[in-house]
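> Give me a model of this one.
(one chain, ligands or ions: 1)
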Amino acid sequence: MATDSWALAVDEQEAAAESLSNLHLKEEKIKPDANEDRAAQSLLNKLIRSNLVDNTNQVEVLQRDPNSPLYSVKSFEELRLKPQLLQGVYAMGFNRPSKIQENALPLMLAEPPQNLIAQSQSGTGKTAAFVLAMLSQVEPANRYPQCLCLSPTYELALQTGKVIEQMGKFYPELKLAYAVRGNKLERGQKISEHIVIGTPGTVLDWCAKLKFIDPKKIKVFVLDEADVMIATQGHQDQSIRIQSMGQKPRPFKPGQGETLARVPDPNSPGVLFGNLHIAGKEGDVTRTKASRGGPRRTYPSPRSLGPGPLREGPWRGALPGTH
Ligand SMILES: Nc1ncnc2c1ncn2[C@@H]1O[C@H](COP(=O)(O)OP(=O)(O)OP(=O)(O)O)[C@@H](O)[C@H]1O
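Purely as a prediction, here's the structure:
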């Protein structure tokens, strides 16, 4: 797989994305467990893709191709990452940020971090973007959780945790805790890890019942795979409860270019990372995605998601910076 071309992989992903998109529109009627399938599909994509990027030359070529979703004009140095994190991304074979990273990182790395919505198709570097944002925002001297990331499944939480560990490899003072089933801590204990990643039920217990985490101290709150979370009633309720226990969201800064859009509702969580493969309301489209070798296609804007604290919509992977 490592020798397969990235181009082929992108085409395959797009085909898979099309079928996911159709699934999404009919999911309520056809397949009650479609959310589970989507979480599994996403995990599979990630596992396959981690092999594809071994071919770093291919990635670099694509990042210079304006038609590629990985196209980027900036360097990681220009994004002013901490040197330890720069070392981490280079060690992972990333030579330059992808488009979504280039657009989203300056806002997430701002002080204070800005809330934003960003959409991009699967496999374009959203996870890496919010992982970098979390790693960048941590103050290692403060021995308490400062970043919280919710994932819909145990497996995805571990997978994202692996990315955090890889990127933070040269930042050893930075610690990560997994709030997942089976990780039992003693009652009354406070945890000292800087980043917590977990599933909503366990995280809610850690915040509300067991008080291992003080949600008011969370600077960056990530809701990963947000469409799966929000389409799953239990996860939606738990995610909203956790988010509402945190700091009040800051007002949103105007969107930047076509990739970022302003969240119109001040009660909404901050940054939402979304895939572009799921169709939304017709006619409510503000951006386009270049398809490799094919026609440009249009995708719905996050604005089409309507009001509400956590809205259903064509996005997944979310990062509300509730600082
Ligand atoms: N700047 C980069 N340069 C090279 N490879 C990258 C870069 N950013 C991410 N990658 C690699 O590309 C693959 C996809 O990245 P990532 O998982 O962050 O995408 P994603 O948009 O979150 O995907 P999904 O929507 O499936 O969650 C991963 O294997 C990751 O290591």
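
> Where do the strands of the protein begin and end?
Assigned by DSSP state E, the strands in the chain fall at 117-119, 147-150, 176-179, 195-198, 220-223, 260-261, 271-274, 285-289, 297-300, 318-319.

> Out of those strands, which gets the lowest mean score?
The minimum mean pLDDT among the strands of the chain belongs to strand 285-289 (a mean of 26).

> pLDDT weak spots in the stretch 51-200 of the chain?
Low-confidence segments of the stretch 51-200 of the chain, defined by pLDDT under 70: 51-73, 113, 115-120.

> For it, what lies in contact range of the ligand?
Those residues of the stretch 51-200 of the chain that sit near the ligand, judged by Cβ under 6 Å from any ligand atom, are 53, 59, 92, 94, 97-98, 101, 122-128. All C-beta atoms are positioned from the backbone trio N, CA, C, and that covers glycine.

> Tell me which residues touch residue 210, please.
Contacts for residue 210 were tallied using Cβ atoms under 8 Å, 6 or more residues apart in numbering; they are 185, 187.

> what sits against the closest residue to residue 215 other than its chain neighbours?
Counting by Cβ to Cβ, 6 or more residues apart in numbering, residue 215 lies nearest to residue 245, which is 3.9 Å off, once chain neighbours are set aside. For residue 245, the contacting residues are 207-208, 215-216, by Cβ under 8 Å, 6+ apart.

> Pull the most distant pair out of those.
In the contacts of residue 245, two members sit farther apart than any others by Cβ to Cβ. They are 208 and 216, at 12.5 Å.

> pretty sure residue 39 contacts residue 229?
No. At 9.2 Å, residue 39 does not count as touching residue 229 under the criterion of Cβ atoms under 8 Å.

> just the helices in the stretch 51-200 of the chain please.
For the stretch 51-200 of the chain, helices defined by DSSP state H, counting those that start in this stretch occupy the ranges 56-63, 83-91, 99-108, 126-137, 154-167, 200-204.

> Pick the most buried one from the ones you listed.
Across the helices of the stretch 51-200 of the chain, averaging neighbours per residue (mean count of other Cβ atoms under 10 Å) puts helix 126-137 on top, at a mean of 26.

> Specify the angle between that helix and helix 83-91 in degrees.
Helix 126-137 and helix 83-91 are oriented at 160 degrees to each other (axes from the mean of the first three to the mean of the last three Cα atoms, to 10 degrees).

> Could you figure out how far helix 126-137 is turned away from helix 154-167?
Going by the same axes, to 10 degrees, helix 126-137 makes 60 degrees with helix 154-167.

> In CSV, could you pull the C-alpha coordinates for helix 126-137?
Taking C-alpha atoms only, helix 126-137 is exported to CSV below (Å, rounded to 0.1, in the frame of the first residue of the first chain):
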residue,chain,number,x,y,z
LYS,A,126,-7.9,18.1,9.7
THR,A,127,-6.9,15.8,12.5
ALA,A,128,-3.3,16.9,12.2
ALA,A,129,-4.5,20.5,12.3
PHE,A,130,-6.4,20.2,15.5
VAL,A,131,-3.8,18.1,17.1
LEU,A,132,-1.2,20.8,16.3
ALA,A,133,-3.5,23.4,17.7
MET,A,134,-3.9,21.5,21.0
LEU,A,135,-0.2,20.8,21.3
SER,A,136,0.5,24.5,20.6
GLN,A,137,-1.9,25.8,23.1
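
> Most widely separated two among the residues of the stretch 51-200 of the chain next to the ligand?
Going by Cβ to Cβ, the pair spanning those furthest: 92 and 122, at 18.5 Å.

> the more surrounded of the two?
residue 122 (22 against 15; other Cβ atoms under 10 Å).
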